[in-house]
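# Sequence and computational prediction follow.
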Amino acid sequence: TELAHLALSCRDINSDTRPDLGSQVWPVLERLRTHCEASLSSRSSPEEPSQPPPHFLCPISQEIMQDPHVAADGFTYEAEEIRLWLSDHDTSPMTNLQLSTLNLFPNQVLRSMIQEWRQSH
């Protein structure tokens, strides 16, 4: 809630009432970052295999994506899975709304993240 309150105060139109970046905003962000890092490091122990982040999984197959592609709904899917879906549908598998286009685009950033994660696990 502290971050939410800080964010709301940062959007104030009057710059005199906005929090100071250096003395008020940055310390909160640093404290949150430290807390998150500590939380992440305590989760993964060497004996336990770590699970992939949920966004590495295809929403259709629930498997780690090899060739992630973005559809018109903004979601990323395994290319083969979404192509199979689109062969019978013109709707989003996530929202069931009609897609504005059936074109797919490679998600290179996610693909790189998945490759890096695989190399470290």
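Great, that's in hand. Numbers count the residues shown, from 1 in each chain.
# Asp73 and Gln98 touch, don't they?
No: contact criterion Cβ atoms under 8 Å: Asp73 and Gln98 do not qualify, at 9.7 Å. C-beta here means a position set from N, CA and C on the backbone, and glycine is covered the same way.
# Just want to know which of those two has more residues nearby.
Higher neighbour count among Asp73 and Gln98: Asp73, with 18 against 11, using other Cβ atoms under 10 Å.
# Which pLDDT does the model give Leu29?
pLDDT for Leu29: 80.
# any idea how far Asp73 is from the residue lying farthest from the centre of the chain?
In the chain, the residue that sits farthest from the middle, by Cα atoms, centre = their mean, is Asp16; the gap is 34.4 Å. Distance from Asp16 to Asp73, counting by Cβ to Cβ, to the nearest Å: 43 Å.
# Please, where are all the strands along the chain?
In the chain, the strands defined using DSSP state E lie at 68-70, 76-78, 105-106.
# Export those strands to a markdown table and append columns for distance to Glu37.
Output for the strands of the chain, formatted as a markdown table (distance: least, Cβ to Cβ, whole Å):
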| stretch | distance to Glu37 |
| --- | --- |
| strand 68-70 | 26 |
| strand 76-78 | 26 |
| strand 105-106 | 31 |
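# any chance of these in TSV, with mean neighbour count and mean pLDDT too?
Shown next, in TSV, are the strands of the chain (neighbours: other Cβ atoms under 10 Å; pLDDT from 0 to 100):
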stretch	mean neighbour count	mean pLDDT
strand 68-70	21	97
strand 76-78	24	97
strand 105-106	12	96
